[in-house]
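Here's a sequence, model it:
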Amino acid sequence: MCHAQVIITTFQKPLRTDEKHVREMILKARNFNKRYKKGARQIKMTLAGQFNINYNLKRIRRIMNKYKIICPIRRANPYRKITKETQEHTVVPNLVNREFKQGIPGKVLFTDITYLYYGKGQKAYLSTIIDGSSSEVLAYYLSTNLRMELATETLNQLKKNKRVILIKNAIIHSDQGAHYTSPIFQEKVKKMGLIQSMSRRGNCWDNALQESFFGHFKDEANIKECMNLEELKKEIRSYMKHYNNTRYQWNLNKMTPVGYRSHLLIAA
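Modelled structure (predicted):
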């Protein structure tokens with residue numbers, strides 16, 4: 001008996017590129033986690049990461065411009081200094097020298113503080129610690145004042161974070177703000193086994209990773225819509241989860257910070 005071999009051939013569905021459909025998909029990507037605003041690059045990476053669709057970046061921008069699909073404009077962070085240094089405060093050398101991406105999670109950390117306006121002219125301060133290689137937010141702390149605990153409690157949150165694995169003699173880099181030159185902060189850093197590094201005076205590029213994060217955060221999170229501190233805390237908590245797990249980044253091989261951390265650990 002002769003058995004005929006049946007060969008079933010499957011064809012991948014062709015990518016639709018008509019303008020109306022592309023516009024619909026751009027809007028779909030923009031509305032994914034719609035609480036947070038997205039620019040053209042974020043939309044491109046969300047289309048690829050969530051919907052397995054790849055459109056040319058120039059085309060996405062053209063259609064966004066044509067149909068007025070709003071892309072947030074980056075604003076410079078005017079936050080510079082908190083208080084003046086005092087005699088007992090100590091500045092330490094810059095050990096990072098703008099080599100932000102070390103390719104090893106837990107090797108170089110960056111920390112900084114920014115202000116947030118919410119409600120009816122209310123003001124709060126956010127302190128964060130970010131991994132230099134994966135851009136993952138490892139710890140953060142929100143306060144309504146600029147007391148020293150703003151920085152030291154962020155270190156405590158880093159210590160409590162069970163997913164954080166730091167290499168021996170990991171570096172924590174900051175600007176020369178009064179919190180970081182304080183002997184209280186510096187003693188806590190030493191007790192945690194970290195080595196401290198600082199930007200040169202007045203040079204924001206030395207801490208560009210933090211500046212970039214705060215820029216994205218203020219562009220995308222709905223801070224001004226928060227009417228009280230509890231709403232602000234909830235919004236920040238939600239954004240941090242989104243940023244680490246579902247916000248794709250162009251400079252991380254179009255992965256999320258958590259995904260890129262896993263990628264680096266597998267490759268090591």
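
Look up phi and psi at the residue nearest to Gly106 when sequence neighbours are not counted.
Once flanking residues are discounted, Gly106 sits nearest to Leu166: 4.2 Å by CB to CB, 6 or more residues apart in numbering. (Each C-beta comes from the backbone N, C-alpha and C, glycine too.) The phi/psi pair for Leu166 (degrees, to the nearest 10) reads phi -100, psi 140.

and Leu166, what does it touch?
106-107, 109, 193-194 (CB atoms under 8 Å, 6 or more residues apart in numbering).

Kindly report the same for Glu136.
Contacts for Glu136 (CB under 8 Å, 6+ apart) come out as 105, 130, 244, 257-258, 260-261.

any chance of these in a markdown table, with pLDDT, distance to Arg201 and neighbour count too?
Output for the contacts of Glu136, formatted as a markdown table (pLDDT from 0 to 100; distance: CB to CB, whole Å; neighbours: other CB atoms under 10 Å):
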| residue | pLDDT | distance to Arg201 | neighbour count |
| --- | --- | --- | --- |
| Pro105 | 93 | 29 | 25 |
| Ile130 | 97 | 22 | 26 |
| Asn244 | 97 | 31 | 20 |
| Pro257 | 96 | 29 | 24 |
| Val258 | 96 | 34 | 18 |
| Tyr260 | 94 | 32 | 22 |
| Arg261 | 93 | 32 | 23 |
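
between those, which is closest to Ser199?
Checking the contacts of Glu136 against Ser199 by CB to CB gives Ile130 as the nearest, at 14.3 Å.

Would you mind listing where the chain has pLDDT under the threshold?
For the chain, the stretches with pLDDT under 70 are 1-16, 71-87, 98-102, 202-206, 268.

what's the following helix or strand after the helix of greatest length in it?
Taking DSSP state H as the criterion, the chain has its longest helix at helix 229-245. Downstream of helix 229-245, the first helix or strand assigned by DSSP states H and E is helix 257-267.

which residues touch that following helix?
Here helix 257-267 makes contact (CB under 8 Å, 6+ apart) with 103-105, 131, 133-137, 243-245, 247, 249, 252-253, 255.

How far off centre is that helix?
15 Å (CA atoms, centre = their mean, to the nearest Å).

And for stretch 261-268?
Offset of stretch 261-268 from its chain centre (CA atoms, centre = their mean): 18 Å.

which residue is nearest the centroid of the chain?
Using CA atoms, centre = their mean, the residue of the chain that lies closest to the mean C-alpha position is Phe213, 4.5 Å off.

Please identify the helix or strand for the residue nearest to that residue when sequence neighbours are not counted.
Excluding its sequence neighbours, the residue lying closest to Phe213 (CB to CB, 6+ apart) is Ile130, at 5.9 Å. Assigned by DSSP H and E, Ile130 belongs to strand 122-131.

That strand: partners in the sheet, and parallel or antiparallel?
Here strand 122-131 has these sheet partners by DSSP bridges: strand 108-118 (antiparallel), strand 137-143 (antiparallel).

quick one on the thing from earlier: can you redo the contacts of Glu136 as JSON lines with distance to Asn65?
Putting the contacts of Glu136 into JSON lines (distance: CB to CB, whole Å) gives the following:
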{"residue": "Pro105", "distance to Asn65": "37"}
{"residue": "Ile130", "distance to Asn65": "32"}
{"residue": "Asn244", "distance to Asn65": "30"}
{"residue": "Pro257", "distance to Asn65": "29"}
{"residue": "Val258", "distance to Asn65": "32"}
{"residue": "Tyr260", "distance to Asn65": "30"}
{"residue": "Arg261", "distance to Asn65": "34"}
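
Next one: Tyr243 from Met192, what distance?
Here the criterion is CB to CB, to the nearest Å. By it, Tyr243 lies 24 Å from Met192.

between the two, who's got more neighbours?
Between Tyr243 and Met192, counted using other CB atoms under 10 Å, Tyr243 has the larger neighbour count: 23 against 14.

doesn't Asp219 make contact with the more buried one?
No - the criterion here is CB atoms under 8 Å, and Tyr243 misses it with Asp219 at 11.8 Å.

one step back: could you give the angle of the strand holding Ile130 to helix 257-267?
Angle, strand 122-131 to helix 257-267, by axes from the mean of the first three to the mean of the last three CA atoms, to 10 degrees: 10 degrees.
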